[in-house]
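Chemist: model the following, please.
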Amino acid sequence: MRAVLDPNILTAALLSASGASARLVGRWLAGAFELVVSEALLCELERALAYPKLRQRVSAEEAAEFVGLLRAGAVDAPDPPDPPRRSPDPGDDHLLALAERGRALLVTGDQHLLALAHEFPIHTARALLDQLAND
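Modeler: Here you go, the predicted model:
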């Protein structure tokens with residue numbers, strides 16, 4: 001199984017070590033699924049982790065170490081050029097296209113994306129954890 005984790009899931013994993021997002025990253029590290037990333041996704045994560053509000057909780061060193069772990073261990077997929085418009089938030093279209101191109105499901109907490117779950121393989125972190133537990 002392959003999965004694209006939305007930067008909001010990756011950020012949540014750093015903010016709460018006991019939350020579903022952190023447990024999901026732990027399952028990836030344990031080899032339960034392949035994580036698919038792209039340069040745009042990693043850059044978005046780096047930008048988010050540099051926000052002053054987040055920097056109070058995640059140091060620059062922790063952020064760099066986490067992004068480095070993702071770069072080294074995840075499947076690097078090319079960024080889809082000009083993704084088709086499918087989400088109410090055009091900024092999310094690249095995630096849908098990345099998951100589609102990488103033959104992966106998308107894991108997110110974004111309600112705009114979760115509303116599209118009837119059209120695309122989109123799960124919450126909790127739903128994927130449940131699925132992995134049942135496999």
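Chemist: for the longest helix anywhere in the chain, packing partners?
Modeler: As assigned by DSSP state H, the longest helix anywhere in the chain is helix 60-73. The contact analysis (3 or more C-beta pairs under 8 Å, 6 or more residues apart in numbering; DSSP states H and E) places helix 60-73 against helix 7-15, strand 34-37, helix 39-49. No exception for glycine: its C-beta is placed from N, CA and C like everyone else's.
Chemist: those: which one's closest to residue 66?
Modeler: Closest approach to residue 66 among these is made by helix 7-15 (6.0 Å; C-beta to C-beta).
Chemist: what residues sit buried inside the longest helix of the chain?
Modeler: Buried residues in helix 60-73, defined by neighbour count with 16 or more other C-beta atoms under 10 Å: 63, 66, 67, 70.
Chemist: related to what we said a few turns ago, just send the helices and strands packed on helix 60-73 back as a markdown table, with mean pLDDT too.
Modeler: Below are those laid out as a markdown table (pLDDT from 0 to 100):
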| stretch | mean pLDDT |
| --- | --- |
| helix 7-15 | 96 |
| strand 34-37 | 97 |
| helix 39-49 | 96 |
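Chemist: could I get those in a markdown table, plus columns for mean neighbour count and distance to residue 103?
Modeler: Converted to a markdown table, the helices and strands packed on helix 60-73 look like this (neighbours: other C-beta atoms under 10 Å; distance: least, C-beta to C-beta, whole Å):
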| stretch | mean neighbour count | distance to residue 103 |
| --- | --- | --- |
| helix 7-15 | 21 | 19 |
| strand 34-37 | 20 | 8 |
| helix 39-49 | 17 | 16 |
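Chemist: please list the outside residues in contact with the longest helix of the chain.
Modeler: Applying C-beta atoms under 8 Å, 6 or more residues apart in numbering, the external contacts of helix 60-73 come out as 10, 14, 28, 29, 35, 37, 42, 45, 46, 49, 50, 58.
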